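> Coordinates for the following, if possible.
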Amino acid sequence: MLKIDLHTHTLVSGHATNTIFEMIQVAREKGLELLGLAEHGPKVEGGPIASYFHHSIRLPRRLFNMNFIMGVEADIMDLNGLLDLNDRHLRLQDIVLAGIHREAGWTIKSPEENSKAIIEVMKNPLVHFISHPCDSNARIEVEKVVKASYEYQVPLEVNCLHLGYHVARGVDIEDIRHMIKLVRDYRWKLIISSDAHVATAIGDDSIIDKMKLRDLLSEDIILNSSLTDVWNFLEEKRKKAKT
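Residues are numbered from 1 along each chain as shown. All right, here's what the predicted structure looks like:
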């Protein structure tokens, strides 16, 4: 069970099942230390309009005796790193993930093109993490993406929901294993997230054991194994984004 889950969704995203308050309450009941509510960007069908990300920051960051942060899982729109939320809105977010989504209009491209798009996004100092980079619907050149993750200090994500998709579709997870091993070789960091779209899935990382990945995922490479490390990382990102 994750104690720090940085990537979850509420009804705001258009296809999740619980409210913000319900997600926070369940996270508290499960004993989480920090919950991240990173809604889909505006280009996902049924997702929030851009102005939501201006008003959502008005919520206090502690409710029901639970700490949480607000943000976005922005959609990568082209090979030049364009996102579906502008920098003005991105600057307001506690956390910014960016990823490729067919639901936002991304047409399946080659691994070279997918990698280029992700790497260009990493150059944006407002982006904190790359969500599910080894998506089976958008394959990447793993070595190039991990190298860029290290160079631009933008950790990649091991996404438990998408691991489940791999199982359901009968797709191998060798790219994910390769990604984790390369992160270890660089002595770099990644995050593990539930990508929960329903409150009962918050913090659930049981798929990690089912796919026999636990031995590769030692705490020294998992950024969100330490609350202090997460706060320090986000604060350092904020400072760099201002320069």
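> only C-alpha atoms for contact and neighbour calcs from this point on.
OK.
> Neighbouring strands - and their directions - for the longest strand seen in the chain?
Longest strand in the chain by number of residues, with DSSP state E as the criterion: strand 66-75. Sheet pairing of strand 66-75 (DSSP bridges) gives strand 34-40 (parallel), strand 62-63 (antiparallel), strand 95-99 (parallel).
> in the longest helix anywhere in the chain, what's buried?
Longest helix in the chain by number of residues (criterion: DSSP state H): helix 227-242. Buried residues in helix 227-242, counted by 16 or more other Cα atoms under 10 Å: Val230, Lys237, Arg238.
> Pull the residues that contact that helix.
Ile4, Glu33, Leu34, Asp94, Ile95, Pro125, Leu126, His128, Leu223, Asn224 (Cα atoms under 8 Å, 6 or more residues apart in numbering).
> Counting neighbours, what do you get for Gly14?
Residues lying near Gly14 (other Cα atoms under 10 Å) number 16.
> For it, give me its contacts.
So Gly14 contacts Glu45, Gly46, Gly47, Pro48 (Cα under 8 Å, 6+ apart).
> What's the ChimeraX line that selects buried ones from these?
Buried residues within the contacts of Gly14, by 16+ other Cα under 10 Å, are selected in ChimeraX with:
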select :47,48
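> Show me which pair in the contacts of Gly14 is furthest apart.
Greatest spatial distance among the contacts of Gly14 (Cα to Cα): Glu45 and Pro48, at 8.9 Å.
> what about stretch 29-36, how long is it end to end?
Counting by Cα to Cα, to the nearest Å, you get 15 Å between the two ends of stretch 29-36.
> buried sites along it?
Those would be Lys30, Leu32, Glu33, Leu34, Leu35, Gly36, for stretch 29-36 by 16+ other Cα under 10 Å.
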